[in-house]
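Asker: Here is the input, now give the coordinates:
(chains A, B, C and D)
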4 protein chains.
Amino acid sequence: MKMKAAVLGATGMVGQRFVKMLSENDWFDIECIAASKRTAGTRYGDNDLGFEYPDDILDMTIAETSKNILKEYDIDIAFSALPADVAGQVEAELAEKIAVSTNSAAHRMDADVPLLIPEVNPEHLGLIDLQRKKGWNGCLVTNPNCSTIMLVMTLKPLMDAFGIKDVKVATMQAVSGAGFTGVSSMAILDNVIPYIGKEEQKMEREPKKLLGSFSNDAVSFATFGMTALCTRVPVIDGHTESVFIELERDATEEEFTEALRSFRGIPQDRNLPSAPKRPIELRDIPQPRMHRDLGNGMSVTAGRIVKVAPRTFKYVTMGHNTIRGAVGASILNAELLKELEYL
Amino acid sequence: MKMKAAVLGATGMVGQRFVKMLSENDWFDIECIAASKRTAGTRYGDNDLGFEYPDDILDMTIAETSKNILKEYDIDIAFSALPADVAGQVEAELAEKIAVSTNSAAHRMDADVPLLIPEVNPEHLGLIDLQRKKGWNGCLVTNPNCSTIMLVMTLKPLMDAFGIKDVKVATMQAVSGAGFTGVSSMAILDNVIPYIGKEEQKMEREPKKLLGSFSNDAVSFATFGMTALCTRVPVIDGHTESVFIELERDATEEEFTEALRSFRGIPQDRNLPSAPKRPIELRDIPQPRMHRDLGNGMSVTAGRIVKVAPRTFKYVTMGHNTIRGAVGASILNAELLKELEYL
Amino acid sequence: MKMKAAVLGATGMVGQRFVKMLSENDWFDIECIAASKRTAGTRYGDNDLGFEYPDDILDMTIAETSKNILKEYDIDIAFSALPADVAGQVEAELAEKIAVSTNSAAHRMDADVPLLIPEVNPEHLGLIDLQRKKGWNGCLVTNPNCSTIMLVMTLKPLMDAFGIKDVKVATMQAVSGAGFTGVSSMAILDNVIPYIGKEEQKMEREPKKLLGSFSNDAVSFATFGMTALCTRVPVIDGHTESVFIELERDATEEEFTEALRSFRGIPQDRNLPSAPKRPIELRDIPQPRMHRDLGNGMSVTAGRIVKVAPRTFKYVTMGHNTIRGAVGASILNAELLKELEYL
Amino acid sequence: MKMKAAVLGATGMVGQRFVKMLSENDWFDIECIAASKRTAGTRYGDNDLGFEYPDDILDMTIAETSKNILKEYDIDIAFSALPADVAGQVEAELAEKIAVSTNSAAHRMDADVPLLIPEVNPEHLGLIDLQRKKGWNGCLVTNPNCSTIMLVMTLKPLMDAFGIKDVKVATMQAVSGAGFTGVSSMAILDNVIPYIGKEEQKMEREPKKLLGSFSNDAVSFATFGMTALCTRVPVIDGHTESVFIELERDATEEEFTEALRSFRGIPQDRNLPSAPKRPIELRDIPQPRMHRDLGNGMSVTAGRIVKVAPRTFKYVTMGHNTIRGAVGASILNAELLKELEYL
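Answerer: Reported below is the predicted structural model:
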């Protein structure tokens, strides 16, 4: 039997993709579509939508996002695409009653909230015990920033195999990461913009929580050096990242490559519905338009691996920012919650 | 009185820009337009040209590129946009008689050939004495690869002020760098391509010659670490580079910025015709479409300067790859030759 | 039991898509992958491919395109993506023995060769009787030029309902229509190019054969006025066309729209594997990136219908040029051959 | 001595270009920079500007747009880049005292306001007599919509030479026409959008006023058929238009071409500062990136001229939408006012 899901912030670009992907998911049924007061009460299909949906979805009436949706709808889990300023309160209120899987940044760095990539740090779900102790019957899990995910998916197997001392990453990020109206065409056509508000801070902070160790009900952050320089490029979907990494222990190019190639996690072992067969696909030249849809957008593609000095490598990682980097990430998090019986 | 110039390889994209820029230069007159056998004998204006030219240029008949042009034309200097495989022999033969300023890679790393950026290493022109000793009456100077120039223009003042220990650079390079047909639209629309053939080797090698010290008739290469990861992006003109740099001596962000801002060289002191007033323009967010034409395409734009750790900074540098990075570079080299009476 | 298929010209962009779509088709199995002498003998997967394929396809060895493939392979039908100059002879030779469904232009206007869109003029398959009379055991069918198909799919129901007096069409065509290296990025970024070699002639000629009447073993061409002005735009896939049409008999906007909406043909009636449920999808604003994949790329999307004067309308039609406009067109033609027992 | 100018709406994209072009104009000095209440009082250079300006311009303090600027500044003429809803009242109030040259649509179709292209209908300035009669000491002239101008510049010589019966035009318009944030990159990358709000109405109406005859203090609208279908394309600057035209009297392709080539008007005869030497440049394939800057952006480029039937031609016209199509148009209008002593 399918779980009953609500989508919060369902009219924005991320929210629309939540509705799209959940409408095709085997474990979840969309029970409630919620958005801001502005569109609440309207038929979902009467809004300006960028995907094609089945008729029953189009015919749903939008609820107003608030904890009150629990009075009107029977919901097991809420998927949140809320803006960070709104997300903070509503997500916490809902988590008192039901599970919340969010793409929002509001609670990512909270001490008792797992910042989760199922292949990377499933053990951080132990933080939910802390949530339960403070009286929540539900729970709250978050996925990292889109550009963080493509990077950390490759850092995890490298850290396990060789240790990491320092990472410097220069990103080339798709315009969809800024939402539908986030980047004007006048700004980006025939151009790149080497600045994305608040992005570098997120990229420099989140990997250390994700790759931190969990013990005694807490995450001890990892301590490697982490520097990011983020750029917007005229690409629709797919963040590409040029990485310079210094390892703790030396490796050959072959060993480095093999660590990425053989990476697997619980999603693959348990065959979760949204899990890609291979979390990391290797290609000679990873490219967003060519490879962003590998694994239905859930695989990260890595390549251009070159050893440039002892313990020092350069390589490229790339992934679909609104699937593996946002919506698919949240859904896979929810699937892990269910698989591990937190839901 | 103007010097008489030949343009070699005048029908390619770089060659066309040579003809364009020289047709507007105060020190040089185009006396001879040369290209391969395929177009030799045709009227220049009957070829497929991407710029608008004055009628007397359009009416010139293309000569075949070879040392024989010296028999037919009275030439003081040849500007070369030849492909590397052709350039090697012809440029050397011409340098026996006249000055040659080339954008080609063929002789860049020759021990007796200056790899020159006038603001950076004018003293390397001392290598011309070696050329004279082997019997050349002319001389040969080369400019670096386009992506090298944008970087080294910023490295020079930083090296002088603080010393450089290590540089890691991730480029985002315009399609014009590959020539008119070099990058197909199917390859680059809605995409980035993190690979450019032979580019990373050039970027990792040339800066060490450019920033090397000259004494006893030889260049001692600089020894800092230098790693590049090069990407093609859907931009017409303007290479943007994300730089991570480790200095020898610490600096504040203000000192770092001031070193770039106050950078000047002989071209500025002597007011050479193609010299930009400011070799480095500072902007909050350097961007190719917005800033590539600053200083008539001869200024490099830097910005996004952030200190990330003691002695370690990230910043962005950007410049017009076919002007400051190629054609304008060669012309400024020739202007320096003339100013310093090598011509 | 599946039919055995060969793909001719399998390494080009259209050929690669033939292999991709046939590898997923229910009625055909790929038995032979053929290309020019240059790549013959190589493993298909060792060529530069733009799609992901199953391993058994990647492991096939490329045959050289010629009638001799019939000696080595047991083939029921050949799909041809050959360039027009090569296609002429080989396709005719193969048609003596087997069915040939081609996207090439070589034989489109031959008097005894059907220029076929299954929804539009299936009765033209009667021309195959002429082919049989000259001794062919196989047969040869062609699909129209990509930009013709998007237009004629909409003209057919309009002609049936109201008659057509004159059509003027201005196209905006995707770069994929020129093949992988056909349009350089330097030519098309931040640009449109209002010229496509030979395209306007094809668009002005082919619709009259497609919409001609078949009787007495011959097609009588339709006689309406037909003018095209063709432009290349920076779009990967999807040709968009602005149409001005003068009808023979007047209609309301509603009648005009309904004629398009209700259009169906044999592919829909017989439920052919590649047939879209709706040949024409109606949308307020047809757009290539948003709608090219409707009906798995086999639906044409029309909209912006406005009556501008009695009997005169403007509207927009758009379709996926390498699926409905090329590869999918040829495959649907083959499915119709099979359904009607010509195969 | 230079005239003193105000720029209204100076912080928007069109307004910024007004300030840029006027800062380089020989007849006008910028005395006042005005914008909405939101930015009034700020230093112009502290706003987000897309051009480089001289320091004295950057240091100007922004006034609030209203008729009150006349109390504080000594102004001869106001250039207006106001949005249509604001423009209506302010422009009329200012015209009571001074000359107003506006790019806004508010008054374009007013019976006593010239809709002016200096090369096309300078005699319509006679309408200013009507304005004077109602008590205005100043005057108000408007330029047409950007897409209208590129078309009518070519229609004028054709009408004079052959008469015009019907025009059908399909446009491909640059994103700058919608203002800096008008078209999001998510909407237009790898896409075209065949709809622009209100654009087709303007294009179908304005040419008839522009090409109307002036007598007895009134413009009699031209009566040819005029249909437009407007599309947005991923081009920064430059509107390209595919035109199908039916003439009253027949012409050869040579005569048709010669009519365009030899077109001249008062701006050329009197050598106005912003006038291009040739109002229409002919090129084989007019293209926005290649030709939009011809004549400093004030020339329209035409080409692809083909006679398709007796009295019927297709051709392409293209021009820089924010220069010839907006800002340059208003400035040339003002120069004509001055030349003809209305100012």
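Asker: C-alpha only now, for contacts and for neighbours.
Answerer: Fine.
Asker: Output the helix or strand A:Val308 falls within as PDB, restricted to C-alpha atoms.
Answerer: Applying DSSP states H and E as the criterion places A:Val308 in strand A:300-309. Provided in PDB are the C-alpha atoms of strand A:300-309 (Å, rounded to 0.1, in the frame of the first residue of the first chain):
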ATOM      1  CA  VAL A 300      26.200  11.500 -10.800                       C
ATOM      2  CA  THR A 301      28.600  11.400 -13.700                       C
ATOM      3  CA  ALA A 302      32.400  11.700 -13.000                       C
ATOM      4  CA  GLY A 303      35.400  11.800 -15.300                       C
ATOM      5  CA  ARG A 304      38.500  13.700 -16.500                       C
ATOM      6  CA  ILE A 305      40.400  12.100 -13.600                       C
ATOM      7  CA  VAL A 306      44.100  13.100 -13.600                       C
ATOM      8  CA  LYS A 307      46.700  12.700 -11.000                       C
ATOM      9  CA  VAL A 308      48.600  16.000 -10.900                       C
ATOM     10  CA  ALA A 309      51.000  15.400  -8.000                       C
END
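Asker: other SSEs contacting it?
Answerer: helix A:146-162, helix A:253-261, strand A:280-282, strand A:312-319 (3 or more Cα pairs under 8 Å, 6 or more residues apart in numbering or on different chains; DSSP states H and E).
Asker: what's the pLDDT at A:Phe79?
Answerer: With respect to pLDDT, A:Phe79 scores 98.
Asker: what's the pLDDT at whatever residue of chain A ends up closest to chain C?
Answerer: Residue of chain A nearest chain C, by Cα to the nearest Cα: A:Asp190 (6.6 Å). Looking at A:Asp190, its pLDDT stands at 98.
Asker: A:Leu82 now?
Answerer: Looking at A:Leu82, the pLDDT reads 96.
Asker: Distance check, the closest residue to A:Tyr53 other than its chain neighbours against D:Leu155.
Answerer: Nearest non-adjacent residue to A:Tyr53, counting by Cα to Cα, 6 or more residues apart in numbering or on different chains: A:Lys20, 6.7 Å away. Distance of A:Lys20 to D:Leu155, given as Cα to Cα, to the nearest Å: 49 Å.
Asker: try A:Ala99
Answerer: Distance from A:Ala99 to D:Leu155, by Cα to Cα: 66 Å.
Asker: okay, the two: which has more neighbours?
Answerer: A:Ala99 (26 against 21; other Cα atoms under 10 Å in any protein chain shown).
Asker: Contact residues of chain A facing chain B?
Answerer: A:168, A:170, A:189-195, A:227, A:229, A:233-236, A:240, A:242, A:244, A:285-290, A:304, A:308, A:314, A:316 (Cα under 8 Å from any Cα of the partner chain).
Asker: Where helices are concerned, which of those count?
Answerer: A:Pro288, A:Arg289, A:Met290 (DSSP state H).
Asker: Quick check: of those residues, which lies closest to D:Glu248?
Answerer: The closest of those to D:Glu248 turns out to be A:Arg289 (Cα to Cα; 50.5 Å).
Asker: Isn't the closest one up against B:Asn191?
Answerer: Yes. Between A:Arg289 and B:Asn191 there is a contact under Cα atoms under 8 Å: 5.3 Å.
Asker: what does the model give the residue nearest to A:Arg278 when sequence neighbours are not counted for pLDDT?
Answerer: Residue nearest to A:Arg278 in three dimensions, not counting chain neighbours: A:Ser299, with 6.4 Å by Cα to Cα, 6+ apart. pLDDT, A:Ser299: 98.
Asker: what does the one 4 residues further on give?
Answerer: Note for A:Gly303: predicted pLDDT of 98.
Asker: Over to A:Ile266?
Answerer: For A:Ile266, the predicted pLDDT is 98.
Asker: And it, how close does it get to C:Gln287?
Answerer: 41 Å.
Asker: who's more crowded, these two?
Answerer: Using other Cα under 10 Å as the criterion, A:Ile266 and C:Gln287 rank with C:Gln287 on top: 27 against 17.
Asker: What residues does the more buried one make contact with?
Answerer: With contact set as Cα atoms under 8 Å, 6 or more residues apart in numbering or on different chains, C:Gln287 has these partners: C:Thr240, C:Met318, D:Asn191, D:Val192, D:Ile193, D:Pro194.
Asker: any idea which of the residues you listed is the one closest to A:Gly15?
Answerer: D:Asn191 (22.4 Å).
Asker: Need the contacts of C:Gln287 in CSV (columns: neighbour count).
Answerer: Listed next are those as CSV, based on neighbours: other Cα atoms under 10 Å in any protein chain shown:
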residue, neighbour count
C:Thr240, 35
C:Met318, 31
D:Asn191, 25
D:Val192, 28
D:Ile193, 21
D:Pro194, 26
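Asker: Tell me the one of these nearest chain B?
Answerer: For the contacts of C:Gln287, the nearest to chain B is D:Asn191 (10.4 Å; Cα to the nearest Cα).
Asker: got the contact list for that closest one?
Answerer: C:Pro234, C:Val235, C:Gln287, C:Pro288, C:Arg289, C:Met290, D:Val233, D:Pro234 are the contacts of D:Asn191 under Cα under 8 Å, 6+ apart.
Asker: Just give me the neighbour total for the second one.
Answerer: C:Val235 has 28 neighbours, counted by other Cα under 10 Å.
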